[in-house]
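Undergrad: have a look at this fold, sequence not included:
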């Protein structure tokens, strides 16, 4: 975001272990300047109820997409519990940088649609490159 | 094999359990002891989807876990048993004399609890319950991940970490 611009409302939450989400969103900022489309959260030191409360607080602002790091992680489980009562919320686990870059650059009609497309892009970005 | 780890963790199944402990110990099955989860199909499916396909997950309330413990303990695969709080593990230990050690993996902050370790917060009642557990012959240590040092209960409660 350049100086003087109004702060943009976040379109999605990124949550994971340690500094995972802060690192990913800083990379999005470095590449596209659109890192402010994300709220970055860490589950470090948090009980499941605390994670759910933090997610609900941000979803109450109108955000409807949650990206998490590990399918088995406590952040993913908390996100799924929160989304159970909020059918408009989309949870994408196993997020990587390619996923978030596609999300911020997407022209999809809604954040949920953008998230679905971004998940496909993120999956396709996992490549084994050897002996080339 | 047998159950290699009896763990108290308020997050139940999560990354540290499935990956942190599960991979190096080559865990083949998890036993999640929780009355609420055991009675909810939705909760069971939530946790089932969180574990890799090569890892079986069993759900049990405390009574069922006591009844079935001999079967878990003679399973040829290595396993982990997880309880969400101290009282559940205490009830389990009271009913299964074969449990010799308990791992404190994560008991997080809430009102009335004091920090003992970065990942262990306890009320005075919980401290007493852990002491009772240890006095019954069960070794109690705190260790969040396999590479960390196992901290003895006396050291945890002494606050000398």
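TA: Now that the structure is in, tell me what you want to look at. Since the structure is predicted, the reported quantities are computational estimates derived from the model, not experimental observations.
Undergrad: only C-alpha atoms from now on, for both contacts and neighbour counts.
TA: Fine.
Undergrad: residue ranges with poor pLDDT in the chain?
TA: The chain I'm using is chain A. Counting by pLDDT under 70, the low-confidence segments of chain A come to A:1-8, A:132.
Undergrad: that's the wrong chain, I wanted chain B
TA: The model of chain B has pLDDT under 70 over residues B:1, B:159-161.
Undergrad: residue boundaries of the strands in it?
TA: Here chain B has its strands, by DSSP state E, at B:3-9, B:29-33, B:56-60, B:79-83, B:101-106, B:114-117, B:120-122, B:139-142, B:151-152.
Undergrad: redo those strands as TSV? Include mean neighbour count and distance to chain A.
TA: Shown next, in TSV, are the strands of chain B (neighbours: other C-alpha atoms under 10 Å in any protein chain shown; distance: least, C-alpha to the nearest C-alpha, whole Å):
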stretch	mean neighbour count	distance to chain A
strand B:3-9	22	10
strand B:29-33	24	13
strand B:56-60	19	13
strand B:79-83	25	14
strand B:101-106	22	9
strand B:114-117	17	11
strand B:120-122	21	9
strand B:139-142	21	15
strand B:151-152	16	18
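Undergrad: of the ones you listed, which is nearest residue A:91?
TA: strand B:56-60 (22.9 Å; C-alpha to C-alpha).
Undergrad: what strands line up against the closest one, and which way round?
TA: Neighbouring strands of strand B:56-60 in its sheet, by DSSP bridges, are strand B:29-33 (parallel).
Undergrad: what does chain A have sitting close to chain B?
TA: Within chain A, the residues that sit near chain B (C-alpha under 8 Å from any C-alpha of the partner chain) are A:45, A:46, A:47, A:48, A:70, A:71, A:72, A:73, A:74, A:77, A:80.
Undergrad: try it again at 6 Å.
TA: Residues of chain A that fall close to chain B, judged by C-alpha under 6 Å from any C-alpha of the partner chain: A:47, A:48, A:71, A:72, A:73, A:74.
Undergrad: farthest pair within these?
TA: A:47 and A:71 (17.2 Å).
Undergrad: picking that back up, now the residues of chain A next to chain B as JSON lines including secondary structure and neighbour count?
TA: Below are the residues of chain A next to chain B laid out as JSON lines (DSSP: H, G, I helix; E, B strand; the rest coil; neighbours: other C-alpha atoms under 10 Å in any protein chain shown):
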{"residue": "A:47", "secondary structure": "coil", "neighbour count": "21"}
{"residue": "A:48", "secondary structure": "helix", "neighbour count": "19"}
{"residue": "A:71", "secondary structure": "coil", "neighbour count": "20"}
{"residue": "A:72", "secondary structure": "coil", "neighbour count": "25"}
{"residue": "A:73", "secondary structure": "coil", "neighbour count": "26"}
{"residue": "A:74", "secondary structure": "helix", "neighbour count": "29"}
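Undergrad: and of those, the nearest to residue B:109?
TA: residue A:47 (7.1 Å).
Undergrad: test my guess that the closest one contacts residue B:109.
TA: No. The pair residue A:47 / residue B:109 is not scored as a contact, 7.1 Å apart, by C-alpha atoms under 6 Å.
Undergrad: now residue B:50: phi and psi?
TA: phi -90, psi -10 (degrees, to the nearest 10).
Undergrad: likewise for residue B:97?
TA: phi -70, psi -10.
Undergrad: ok, it to residue B:126 distance?
TA: Noted for residue B:97: a distance of 21 Å to residue B:126, by C-alpha to C-alpha, to the nearest Å.
Undergrad: quick check on the two: which one has the bigger neighbour count.
TA: Neighbours per residue (other C-alpha atoms under 10 Å in any protein chain shown) separate residue B:97 from residue B:126, with residue B:126 holding more: 15 against 12.
Undergrad: assumed residue A:13 was part of a strand.
TA: Yes. Secondary structure of residue A:13 (DSSP: H, G, I helix; E, B strand; the rest coil): part of a strand.
Undergrad: in the sheet, who's paired with it?
TA: Going by DSSP bridges, residue A:13 forms beta bridges with residue A:39, residue A:66.
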